[in-house]
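Visitor: The following block contains a protein sequence and its predicted model.
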Amino acid sequence: MTIQTILILLIVGIAAGILSGLVGIGGGLIIVPALIFFLGFSQKMAQGTSLGILLLPIGVLAVLQYYKAGYVDIKTVWLVAAGFIAGGYFGSKIALSLSQETVKKIFAIVLLLIAFKMLFIDKKVKEIAGKNEKESSSLTGNTPS
């Protein structure tokens, strides 16, 4: 592995870590495209590598910070994690049975749908999130900054 590759990987990791801690994204939205664009990974190799990164407790320090501030719903974490385990198993089986091009197109469509929704449809979601933020702050005694 070259020094340039090592630096690219460290920068991708730092960017994914910052964005993960800042807005809760990283794996699929940052690491997968970066591995494809900067290092020429195939779609499946990038996805598999991203999942390998997620298996390690890389986010534990960020989670502890949010937990201490009262912003982690443990019941939700366990339920979503259980679903993620099952969904990850079946999703990987499906992805591995499809061609690289099909998987890449599905990934691109998902990114576009998420971007469209966030740009144009999330007004009501923002109102609900703001209300939940205020309720959470009053229950924990923390005030969002």
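Guide: All right, it came through fine.
Visitor: use CA for all of it now, contacts and neighbours both
Guide: Noted.
Visitor: Just the pLDDT for A95.
Guide: Looking at A95, its pLDDT stands at 90.
Visitor: give the contact list for the residue nearest to S42 when sequence neighbours are not counted.
Guide: Excluding the flanking residues, the one nearest S42 by Cα to Cα, 6 or more residues apart in numbering is I36, at 6.2 Å. Each residue near I36 by Cα atoms under 8 Å, 6 or more residues apart in numbering is listed here: 42-43, 46.
Visitor: any low-confidence regions in the protein?
Guide: 21, 23-24, 27, 55-56, 123-126, 129, 132-133, 135-145 (pLDDT under 70).
Visitor: Helices of that one, start to end?
Guide: For the chain, the helices defined by DSSP state H cover 3-23, 32-39, 43-55, 60-68, 74-97, 100-120, 123-140.
Visitor: Who are the contact partners of the residue nearest the centre of the chain?
Guide: By Cα atoms, centre = their mean, the mean C-alpha position of the chain lies nearest to I25, the distance being 3.7 Å. With contact taken as Cα under 8 Å, 6+ apart, I25 is in contact with 16, 19.
Visitor: and if you look at G17?
Guide: Counting by Cα under 8 Å, 6+ apart, G17 touches 26, 59.
Visitor: separation between the residue lying closest to L39 once chain neighbours are set aside and I11?
Guide: Spatial nearest neighbour of L39, chain neighbours left out: T5 (7.5 Å); criterion: Cα to Cα, 6+ apart. Distance of T5 to I11, computed by Cα to Cα, to the nearest Å: 10 Å.
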